[in-house]
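Novice: Structural data only, the sequence is not supplied:
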Ligand code: SER
């Protein structure tokens, strides 16, 4: 016992009750964060487009650091060594999670960088200062992760030790492996171990003392990532040290709003408040939502916002590349609308107008152009769906008259709708369920596999029959293979379409599809035709340097 306490047997220490965390609007968060970074001598960078430039292998701007890659690799930045911004990003890898509490396809990233300037110590201190002093988040709600180390880089004890300076007890630190705590923008490029900060969500005022990211994962929300970018990873996965030690920081703007506004999800923040109201009103929904409805409403809100932002940056829906992703996002939004409250095409312009207005303030939108591009795509999709829906209705009517198989829509029928009309399986399921019919999902998968196999065999047969391809390929140049750098192709030119019995062969000027060669199977994937029909590419062959994509006719 210390001397002072020993002599003060009746002493009593009482700390003042901590102030409640600030509740900040999204606009206030932007302001306070700018003020903080400027106070740390960072220079603000302008925002760049969501559409990645042609030199990048990515389709979109996926991280705040993407435009800074050359500078993280060593180039001098004209604005100095301490930078910050708030950058719009698109990530579609987690699209299946959209609708839960925290996932979005479009989001904003509050990023700041040290390009060979300060490193781990200051990065940790400043993160803590901002979170606990400027935003007044209670430190007892925070926990961190650091890199556990492997044969390529050491365990990050240095960062873990800095936690002492911010009074974070050791049990709040989790050491995690590469897949959690090494960050890179892609397989090749700058990378480094990271330390992530997690907030404890949930009702209890304070988490149990032992709660950390490993033992309380479900209640932990990542709000901050400090990447210590000091390595370059090459094509073979080899790491080499960069000339400078950089810090790449990212803080998800929507998640931070969610924490500061004490909401259960990013969709409950002020960023989506008006949007959800618009969806409820225009689709005439009643509250409270069932969990399934809630997810659909959130998907509509997220996908509409993403599509607006992409079209505003000049993208149009197409069959390839970034345009294809936009097409899929719009269509996914539309079929979620359909499942809640089907709308006639004419009604879409009004709904879109209202939705767009709910995001005013986020950016300056070219409303006329956005609504035109969006409604054109809705029109195309509705046309495709109409035919598919008619067919589904017929199938369901037929089923209702049969005794034996009532209640289950056969997998091959689900497949037919999917294969011929690009009818989403999820939509078939919903419509069928409304009529008390389930779909045979295993049968669908089997039909899918079988169709692939049959087509492959048919194509092999054709090759065996010795088709004289040269007569079809006169004047067709060799195909440019772009599959080493990308999995999609940006606006390829269709050079030829060949009809063969029940198959078609498409030839483009360039393709990411690798052909069947030397006993190795070719790639498979999808091609969306200009009429909106989605065709599976089941076989890819090569003849005299020309790549042939086989689809069913
Ligand atoms: N680039 C890192 C990320 O996106 C930190 O900004 O998480």
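Specialist: Thanks, I have the structure now. None of the values given here were measured: they were computed from a predicted structure.

Novice: Which residues are in contact with the residue nearest to residue 440 when sequence neighbours are not counted?
Specialist: Distance criterion Cβ to Cβ, 6 or more residues apart in numbering; nearest residue to residue 440, sequence neighbours excluded, is residue 411 at 4.2 Å. Using the backbone N, CA and C atoms, a C-beta is placed for each residue, glycine as well. Neighbouring residues of residue 411 by Cβ atoms under 8 Å, 6 or more residues apart in numbering: 439, 440, 441, 442, 443, 444, 445, 446, 447.

Novice: okay, residue 411: pLDDT?
Specialist: Looking at residue 411, its pLDDT reads 92.

Novice: Tell me how far it lies from the ligand.
Specialist: According to Cβ to the nearest ligand atom, to the nearest Å, residue 411 stands 40 Å off from the ligand.

Novice: again, but for residue 380
Specialist: 34 Å.

Novice: I'd say residue 226 and residue 193 touch.
Specialist: No - judged on Cβ atoms under 8 Å, residue 226 makes no contact with residue 193 at a distance of 9.6 Å.

Novice: Backbone dihedrals for the residue nearest to residue 440, please?
Specialist: phi -60, psi -40 (degrees, to the nearest 10).

Novice: Looking at the stretch 251-400 of the chain, what residue ends up closest to the ligand?
Specialist: The stretch 251-400 of the chain approaches the ligand most closely through residue 251 (7.8 Å), counting by Cβ to the nearest ligand atom.

Novice: Among the contacts of residue 411, which lie within helices?
Specialist: Those of the contacts of residue 411 mapping onto helices are 441, 442, 443, 444, 445, 446, 447, per DSSP state H.

Novice: The fourth one - how many residues pack around it?
Specialist: Residue 444 is flanked by 23 other residues according to other Cβ atoms under 10 Å.

Novice: For it, give me its contacts.
Specialist: By Cβ under 8 Å, 6+ apart, residue 444 lies in contact with 411, 412, 414, 415, 418, 425.

Novice: gap between it and residue 394?
Specialist: Distance of residue 444 to residue 394, given as Cβ to Cβ, to the nearest Å: 18 Å.

Novice: And the closest residue to the ligand within the chain, which helix or strand is it part of?
Specialist: Residue of the chain nearest the ligand, by Cβ to the nearest ligand atom: residue 250 (2.3 Å). Using DSSP states H and E, residue 250 falls within strand 239-252.

Novice: continuing past that strand, what's the next helix or strand?
Specialist: Next along from strand 239-252, by DSSP H and E: helix 253-260.

Novice: Just want the angle from that following helix to strand 239-252.
Specialist: Computed with axes from the mean of the first three to the mean of the last three Cα atoms, to 10 degrees, the direction of helix 253-260 lies at 50 degrees from that of strand 239-252.

Novice: who does helix 253-260 touch, helix- and strand-wise?
Specialist: Identification of packing neighbours for helix 253-260 by 3 or more Cβ pairs under 8 Å, 6 or more residues apart in numbering; DSSP states H and E yields helix 26-39, strand 106-115, strand 220-233.

Novice: Output the contacting helices and strands for the last one.
Specialist: Counting by 3+ Cβ pairs under 8 Å, 6+ apart, the packing neighbours recorded for strand 220-233 are helix 120-128, strand 189-200, strand 239-252, helix 253-260.

Novice: Could you dump the ones you listed into CSV with mean neighbour count and mean pLDDT added?
Specialist: As requested, the helices and strands packed on strand 220-233 are arranged in CSV below (neighbours: other Cβ atoms under 10 Å; pLDDT from 0 to 100):
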stretch, mean neighbour count, mean pLDDT
helix 120-128, 19, 95
strand 189-200, 24, 94
strand 239-252, 19, 95
helix 253-260, 23, 96
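
Novice: So what's the gap between stretch 369-389 and the chain middle?
Specialist: Computed by Cα atoms, centre = their mean, to the nearest Å, the chain-centroid distance of stretch 369-389 equals 23 Å.

Novice: Quick one: residues in contact with that stretch.
Specialist: Applying Cβ under 8 Å, 6+ apart, the set of residues contacting stretch 369-389 from outside is 307-308, 311-312, 316-317, 327, 330-331, 334-335, 338, 345, 348-349, 352-353, 356, 417, 420-423, 427, 431, 531-533.

Novice: and the ligand, which of the residues you listed contact it?
Specialist: With Cβ under 6 Å from any ligand atom as the criterion, the contacts of stretch 369-389 include none near the ligand.

Novice: out of those, which are buried?
Specialist: Among the contacts of stretch 369-389, those classed as buried by neighbour count (16 or more other Cβ atoms under 10 Å) are 307-308, 311-312, 317, 327, 330-331, 334-335, 338, 348, 352, 356, 417, 420-423, 427, 431, 532-533.

Novice: Please narrow the residues you listed to those residing in helices.
Specialist: Counting by DSSP H, the part of these found in helices is 307-308, 311-312, 327, 330-331, 334-335, 338, 348, 352, 356, 417, 420-421, 427, 431.

Novice: I'd say the residue of the chain closest to the ligand and residue 229 touch.
Specialist: No - counting by Cβ under 8 Å, residue 250 stays clear of residue 229, with 11.7 Å between them.

Novice: Residue 84: which element?
Specialist: Using DSSP H and E, residue 84 falls in strand 82-90.

Novice: interface residues of the chain facing the ligand?
Specialist: Counting by Cβ under 6 Å from any ligand atom, the chain comes close to the ligand at 63, 64, 65, 111, 183, 225, 227, 248, 249, 250.

Novice: what's around residue 215, how many residues?
Specialist: 12.

Novice: I meant residue 132, not that one.
Specialist: 18.

Novice: Pull the contacting residues for the closest residue to it other than its chain neighbours.
Specialist: Nearest in space to residue 132, with sequence neighbours left out and distances taken as Cβ to Cβ, 6+ apart, is residue 139 at 5.1 Å. By Cβ under 8 Å, 6+ apart, the contact list for residue 139 reads 128, 131, 132, 166, 167, 168.

Novice: Can you give the distance of the top helix by length along the chain from its chain's centre?
Specialist: The residue-count maximum for a helix in the chain (DSSP H) belongs to helix 367-401. Centroid separation between helix 367-401 and its chain, computed with Cα atoms, centre = their mean, is 25 Å.

Novice: Give the buried residues for it.
Specialist: Across helix 367-401, burial judged by 16+ other Cβ under 10 Å covers 370-371, 373-375, 377-378, 380-382, 384-385, 388-389, 391-392, 395-396, 399.

Novice: In three-state terms, label residue 295 for me.
Specialist: Of the three states, residue 295 takes helix according to DSSP: H, G, I helix; E, B strand; the rest coil.
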